[in-house]
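Engineer: Build the 3D model from these lines:
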Amino acid sequence: MIKGKEAIVAKLTSLQQFRYQISHIDCAAFAPTRGATAQVTGDIWVDGKPDVLFLGQSFLLHPTPQGSFWIALQTWMTVDRSRMVQMVLP
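Structural biologist: Purely as a prediction, here's the structure:
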């Protein structure tokens, strides 16, 4: 596990190559601010390695007076697909 600001920045800046494939995007209105939420899922490959990671990323967008949007909140996560447990719902 990578801990600490310096270690995280060092790891992120050491990554050389990303390849990603978006598989799904969901958007919805966010009534309190007349903004929007967006959830993006897909796969990401890092540094040319064959191992694929699941990528989940969410955005909370707020409008500006000029008619565009700014990212008020962004979260993301990656999960090693080889360690994922498949669940079957009844």
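
Engineer: So, low pLDDT: which residues of this protein?
Structural biologist: 1, 16, 84-90 (pLDDT under 70).

Engineer: how about the helices in it?
Structural biologist: Along the chain, the segments classed as helices by DSSP state H run 5-14.

Engineer: How many residues are close by Met77?
Structural biologist: By the criterion of other Cβ atoms under 10 Å, Met77 has 10 neighbours. All C-beta spots, glycine's among them, are computed from the backbone N, C-alpha and C.

Engineer: Quick check: it touching Leu53?
Structural biologist: No: contact criterion Cβ atoms under 8 Å: Met77 and Leu53 do not qualify, at 9.5 Å.

Engineer: Could you check how far the residue sitting nearest the centre point of the chain is from Ala10?
Structural biologist: Geometric centre of the chain, nearest residue: Gln57, 2.5 Å, by Cα atoms, centre = their mean. For Gln57, the distance to Ala10 equals 22 Å [Cβ to Cβ, to the nearest Å].

Engineer: Over to Gln39?
Structural biologist: Look at Gln39 and Ala10: by Cβ to Cβ, they are 29 Å apart.

Engineer: more neighbours, those two?
Structural biologist: Remark: of Gln39 and Ala10, Gln39 carries more neighbours, 14 against 11, as counted by other Cβ under 10 Å.

Engineer: What about the residue lying closest to the more buried one once chain neighbours are set aside, how many residues nearby?
Structural biologist: Counting by Cβ to Cβ, 6 or more residues apart in numbering, Gln39 lies nearest to Asp26, which is 4.6 Å off, once chain neighbours are set aside. Close neighbours of Asp26, defined as other Cβ under 10 Å, add up to 10.

Engineer: same question, the one 5 residues further on
Structural biologist: Using other Cβ under 10 Å, Ala31 has 7 neighbouring residues.

Engineer: What are the boundaries of the strands in the chain?
Structural biologist: Taking DSSP state E as the test, the strands found in the chain are 18-30, 35-46, 53-63, 69-80.

Engineer: Which one of those lies nearest to Lys5?
Structural biologist: Closest to Lys5 of those, according to Cβ to Cβ: strand 69-80, at 17.4 Å.
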